[in-house]
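*Asks:* what follows is a predicted protein model with its sequence.
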Amino acid sequence: MTGKQTMDRRELLGSACLGAGALWMGTRAAQADPQDRSSESAAQPPLIDTHVSLFQWPFRRLPLDEPAKLVARLRQLGVQQAWASSFAGLLHRDLAAANLQLTEACQQFPELVAIGVVNPALPGWLADVRLCDETLKMPGVRLFPSFHGYALSDERVERLLDEAAQRGLLVQVAVQLEDPRTQPSLVRTTAVDLGPLPELLKRRPHLRVQLLGAALREIDNQLAKTPNACFDTSRMDGTDAVARLVQRVGAERALLGSHAPFLIPDSAVIRVRESTLGATGLGADAVLAVCHGNAKRLLGSRKATGAPPPERDAPAPKRGAPALSWGLPPRAELQSLRIWDSYFTPSHSHPGRDGKRLLEDIERALPAADLGCFEKLCLFLHVGAGTTGDAALEAELQAHEQLVLAPLRRWPDRLIGMIQLDAKNLRTAMAAVDRWMGDGPMRGVYFPGGGPGATACTHENFRPLVRRIGELRGVIMQHTWYKTGGKQGPGESTPAELAELARQFPDQAFICAHAGGEWEQGIRAVREQPNVLVETSGFDATAGFIEMAVRELGAARIIFGSHLPSRSLGTELGKVLAADITQDEKRQILGGNFRRLLGAS
């Protein structure tokens, strides 16, 4: 082909996105049950991932921190294009070298589009913009205000935005790269203050800005109405989070982003599928827009050019790659894993005065549980033992057991119950254990880490309670966190404190909920205490967690939890499904270990 017929491989992939997207809409319209958005006929459209990074995260190794491994995984997920910047740009001052390295790496793989790093707090930053635009032909630049120490109100940011607008460059702003509760204590960053952005963009109507890693709560009404600001999905969590983002800002301003390799890319893909479920789920047009349509429009006519990439493929992963659709293996494989969820949290802090809120939240979560083929879900019920802070409700729960038992009676073949306890009032707590475990259907106790029922597991009342729960063969789960900066409330417990309690009761198994949140420390804290198991939910889909836990603890000491619906199926199930471990280890984690604790088959 010659002249206008010439098409490089990146353009070819982009054209394929359009064709396959139209095919996906037709397939969905023809095959899917219009009353059932969870239908398996909802085939996956092509994907453009607008938020990936290359090279090593500064604070630990990641499973996909080599470009070839990352691209291999993205291909398995059906990603046809990925906008890649460089983790080197977080701490390096020589950004020209970082951007040259990035360009060289991206030229090896036709899927990768290089997005350069610019730091307006450095002298001579304009030269970095010129290098990215004029020499390296990048379609955009990525800013890291928190890591680089400036605010969006800084006049240097205004000058950079003016330069980008004149050059037609996309500007990506990293709002938050990591949960502040788990950051390294010596390198703590806060989320970028987005307050100045609506006015900045109002004065530059042709500038295109994408916010990366913003949480839904950080998108206020003014920003949501700013037409030239768009958002990625990387830290939108909750079973309907992507749908809620679309509801907030419009389908044309939400774009798929994974924040791989720091976060697990599978999780971002699963979350989009999850947000199609239920009566308020995303429709076909919105899905296409989020998955690739908005990304193609955002780059517009800008193309990543330069030397054509050599013909080479990324290597296959070490273990056999499953056939994936929306980041999930086939339904038969999911069913074979026999998933039992140990941490199901509908209306976790308050069930509603009549229990209606709890039932509605369960209904909201069940489509995601069905998509994941969960067999059982364990929820933590308030029983009037001081865990809600609502005195009237506590009295109602004590007087009317049907309020407590309503979910178990409505879904008797699906739900398992444990009770929430406040250990501060020993008499009330002990009475609840005897009533609901000795005489009732509950299988164990959950000790919360926040709210009025939170009591640190170092409290003296834990010892008699643990003895009694053990006599009744109950499961004990303790909420735990290691938070950067230390505890944020007197009732919080750390994994180290739980390990010390467990040392006193070697025959009783304890579940360390959330693996301490900051799981690198949490795993180390419980490693030498064999009767402590770690639960997997409650934090972002940070890559490498499951691999470290299996290596240090063994698969038999890991318990899957979903934290649905406040967390998403994508975030929590993706941690295990995407881990580089054996299928047998996945079966243990996803259900076998919890069944063993419960004495179930």
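*Replies:* In hand now; what should we look at?
*Asks:* does Leu263 touch Gly544 like I think?
*Replies:* No. Contact between Leu263 and Gly544 fails when scored by CB atoms under 8 Å: they sit 10.5 Å apart. Backbone N, C-alpha and C define where each C-beta goes, glycine included.
*Asks:* which one's more surrounded, these two?
*Replies:* Per other CB atoms under 10 Å, whichever of Leu263 and Gly544 has more neighbours is Leu263, with 26 against 23.
*Asks:* how close does the residue nearest to the more buried one when sequence neighbours are not counted get to Leu277?
*Replies:* Spatial nearest neighbour of Leu263, chain neighbours left out: Ala541 (4.9 Å); criterion: CB to CB, 6 or more residues apart in numbering. Remark: distance between Ala541 and Leu277 (CB to CB, to the nearest Å) = 19 Å.
*Asks:* more crowded one of the two?
*Replies:* Taking other CB under 10 Å, Ala541 and Leu277 do not tie; Ala541 has more neighbours (29 against 25).
*Asks:* how about the more buried one, what does it touch?
*Replies:* Ala541 makes contact with Leu263, Ile264, Ser267, Gly570, Thr571, Glu572, Gly574, Lys575 under the criterion CB atoms under 8 Å, 6 or more residues apart in numbering.
*Asks:* hmm, which two among those residues are most spread apart?
*Replies:* The span of the contacts of Ala541, defined through CB to CB, is set by Leu263 and Glu572 at 12.5 Å.
*Asks:* how's the protein carved up into domains?
*Replies:* 45-179+190-299, 337-598 (automatic domain parsing).
*Asks:* distance between the first one and the chain's centre?
*Replies:* Relative to its parent chain, domain 45-179+190-299 has a centroid offset of 16 Å by CA atoms, centre = their mean, to the nearest Å.
*Asks:* specify which member of the contacts of Ala541 is nearest to Pro441.
*Replies:* Glu572 (25.5 Å).
*Asks:* test my guess that the closest one contacts Pro565.
*Replies:* No. With contact defined as CB under 8 Å, Glu572 does not count as touching Pro565 (10.9 Å).
*Asks:* for the helix or strand hosting Leu405, packing partners?
*Replies:* Using DSSP states H and E, Leu405 falls within helix 401-410. Contacts defined by 3 or more CB pairs under 8 Å, 6 or more residues apart in numbering; DSSP states H and E place helix 401-410 against helix 356-371, strand 374-381, helix 391-399, strand 415-420.
*Asks:* now it: average pLDDT?
*Replies:* If you average the pLDDT over helix 401-410, you get 96.
*Asks:* wait, which of the domains of the chain is closest to Leu324?
*Replies:* That would be domain 45-179+190-299 among the domains of the chain, by CB to CB, at 5.7 Å.
*Asks:* okay, Asn99 and Ser85: tell me how far apart.
*Replies:* 9 Å.
*Asks:* between those two, which one's more packed in?
*Replies:* Each of Asn99 and Ser85 has its neighbours counted (other CB under 10 Å); Ser85 has more, 30 against 27.
*Asks:* poorly predicted segments of the stretch 401-550 of the chain, please.
*Replies:* Low-confidence segments of the stretch 401-550 of the chain (pLDDT under 70): none present.
*Asks:* what does the chain give?
*Replies:* For the chain, the ranges with pLDDT under 70 are 1-41, 301-323.
*Asks:* let's go with 80 and repeat that
*Replies:* Applying pLDDT under 80 to the chain flags residues 1-42, 300-324.
*Asks:* once you drop chain neighbours, what's closest to His92?
*Replies:* Nearest to His92 is Ala98, by CB to CB, 6+ apart, at 5.1 Å.
*Asks:* report all helices and strands that the one helix or strand that neighbour maps to contacts.
*Replies:* If you go by DSSP H and E, Ala98 is part of helix 95-106. Counting contacts by 3+ CB pairs under 8 Å, 6+ apart, helix 95-106 is packed against strand 47-54, strand 79-86, helix 88-91, strand 112-114, strand 116-117, helix 125-130.
*Asks:* ok, now with 7 Å
*Replies:* Applying 3 or more CB pairs under 7 Å, 6 or more residues apart in numbering; DSSP states H and E, one finds that helix 95-106 makes contact with strand 79-86, helix 88-91, strand 112-114, strand 116-117, helix 125-130.
*Asks:* what touches both of Asn99 and Ser85?
*Replies:* Any residue near both Asn99 and Ser85 by CB atoms under 7 Å, 6 or more residues apart in numbering counts here, and that gives Val117.
*Asks:* and of the helices and strands packed on helix 95-106, who's closest to Val290?
*Replies:* Closest among the helices and strands packed on helix 95-106, using CB to CB: strand 79-86, at 13.4 Å.
*Asks:* can you list contacts of the closest one?
*Replies:* 13-14, 16-17, 46-55, 74, 98, 101-102, 106, 111-115, 117, 142.
*Asks:* pull out the buried residues from the residues you listed.
*Replies:* Among these, those classed as buried by neighbour count (16 or more other CB atoms under 10 Å) are 13-14, 17, 46-55, 74, 98, 101-102, 106, 111-115, 117, 142.
*Asks:* on that earlier part again, TSV for the domains of the chain, including distance to Pro330?
*Replies:* Formatted as TSV, the domains of the chain follow (distance: least, CB to CB, whole Å):
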stretch	distance to Pro330
domain 45-179+190-299	14
domain 337-598	10
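*Asks:* of all the ones you listed, which one is nearest Gly327?
*Replies:* domain 45-179+190-299 (3.7 Å).
*Asks:* that closest one spans what distance, first to last residue?
*Replies:* 19 Å (CA to CA, to the nearest Å).
*Asks:* with stretch 331-340 instead?
*Replies:* End-to-end distance (CA to CA), stretch 331-340: 16 Å.
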